[in-house]
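Trainee: okay, here's the prediction I keep looking at, along with the sequence it came from:
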Amino acid sequence: MRILVTGGAGFIGSAVIRHIIHNTNNEVLNVDKLTYAGNLESLISVSENPRYQFSQTDICDRSALDQLFNEFKPDTVMHLAAESHVDRSISGPYAFIETNIIGTYQLLEAARQYWSSLEAPSNENFRFHHISTDEVYGDLEGTTDLFTETTPYSPSSPYSASKASSDHLVRAWNRTYGLPTIVTNCSNNYGPFHFPEKLIPLMILNALQAKPLPIYGNGQQIRDWLFVEDHARALYKVVSEGVVGETYNIGGHNEKANIEVVQCICELLEELSPTKPEGVAKYEDLITYVKDRPGHDVRYAIDATKIKNELNWVPEESFETGLRKTVEWYLNNSEWVAHVQSGEYQTWVNKQYQVQS
Ligand code: NAD
Ligand code: DAU
């Protein structure tokens, strides 16, 4: 396959590209604007490979997209580019409307124009895989239900509303124009190369720097955690074996309350990094309850039966093994961390957490 990956310099996109380049013979064109969340240092292990190319391009730029389609001639698109952080969507929703909705529209139109020019069997084999989130289904508060592929959409945040919009656009382009699309909706990812604005890497790095561990509200909100490399394997399986027009939910069956996750991180750090910063007796003493996220969804949980039964995908990592690998990775990759924590990151952290504490 010749795979055009959008958002390949981000957390999940870079895991997808590392997976494809290291484990298959496919070619990849990484199309990424390099926002604050894009980081080419996450792709060092593939950057010299002749099957990998990079283009710094905004998916809202239609003429640049047309040129990339005509030159690279992809048979597969994996669309991961997005603004992805819920808290940022609350303080500045416009970038989410622009990239997640308008950008997806521009990419769909560029893909449709290119696909329309193909002849059989290339047009039948073409795939547009849209990578989305379980947050489009809304909140499972007070139930034991799981999100299935037919759960009605009920997004709560500007982020999830923008992702829901993009999912609807993709399905409409399939039904109306026949574009061969597939949608996946996944639960919370964690693992190496995760930008430290998200819960798990933020807590690991704050603890190591003796900073407060800010828990929103009462910390009882539940997320369903999946190791990022399991997600990358699932996405590759879907794009190569999934059925056009279908949706697949992806999740790890690892429902944990936020406070439980943070306590696990503290325990792992006690074991793996016992020499603590001055003034810290136990890492968990740094736990601090702060103002809740507005509109905070209380519980997410994925039913991943369909992808298991139809595509034979199951996660390889348990939460315990995946979290240990993640903490070890952050302890062993201080250079990546130092580069990420400079510049724009500091501005965000100061703004977000000064207001809260
Ligand atoms: P991320 O924020 O780490 O990376 C997003 C990437 O997209 C960055 O490299 C950024 O530079 C790029 N990008 C942003 N705007 C762009 C634009 N206009 N044009 C081109 N590139 C642009 O995100 P992530 O966590 O890797 O998530 C990837 C995708 O997976 C997103 O679509 C997200 O909604 C979805 N998803 C994420 C999770 C999760 O837990 N992180 C779970 C389910 C689904
Ligand atoms: O469910 C999939 C989604 O998971 C993805 O679509 C999003 O792109 C991804 O960012 C993630 O969204 P969440 O909002 O669930 O992830 P986040 O890491 O921001 O927060 C996880 C939980 O931890 C959530 O309940 C909020 C809480 N939290 C988060 C931060 C950053 C805190 O208590 N304190 C914090 O400082």
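Mentor: In hand now; what should we look at? Ligands and ions are numbered 1, 2, ... in the order given.

Trainee: excluding its backbone neighbours, what's nearest Thr143?
Mentor: Spatial nearest neighbour of Thr143, excluding adjacent residues (C-beta to C-beta, 6 or more residues apart in numbering): Arg299 at 7.8 Å. To be clear about C-beta, it is placed using only N, CA and C from the backbone, and glycine gets the same treatment.

Trainee: next, that neighbour: phi, psi?
Mentor: The phi/psi pair for Arg299 (degrees, to the nearest 10) reads phi -150, psi 140.

Trainee: for it, which residues count as its bridge partners?
Mentor: Ile222 (DSSP bridges).

Trainee: Pro212: neighbouring residues, count only.
Mentor: Residues near Pro212, counting by other C-beta atoms under 10 Å, number 15.

Trainee: wouldn't it be in contact with Leu286 here?
Mentor: Yes - between Pro212 and Leu286 there is a contact at 5.7 Å, judged by C-beta atoms under 8 Å.

Trainee: residue of the chain nearest ligand 1, please.
Mentor: Gly10 (2.0 Å; C-beta to the nearest ligand atom).

Trainee: for the residue in the stretch 251-357 of the chain that ligand 2 sits nearest to, the count of nearby residues, please.
Mentor: Closest approach between the stretch 251-357 of the chain and ligand 2, counting by C-beta to the nearest ligand atom: Asn258, at 4.5 Å. When counting by other C-beta under 10 Å, one arrives at 19 neighbours for Asn258.

Trainee: sorry, back to before: now the common contact residues for Pro212 and Leu286.
Mentor: Counting by C-beta atoms under 8 Å, 6 or more residues apart in numbering, the contacts common to Pro212 and Leu286 are Asn206.

Trainee: for the protein, give me the ranges with low pLDDT.
Mentor: In the predicted model of the chain, residues 355-357 satisfy pLDDT under 70.

Trainee: redo that, cut-off 50
Mentor: The chain contains residues with pLDDT under 50 at 357.

Trainee: hmm, back to that, shouldn't the residue of the chain closest to ligand 1 be in contact with Asp32?
Mentor: Yes - Gly10 is in contact with Asp32 according to C-beta under 8 Å; the separation is 7.2 Å.

Trainee: fine by me, we can end here.
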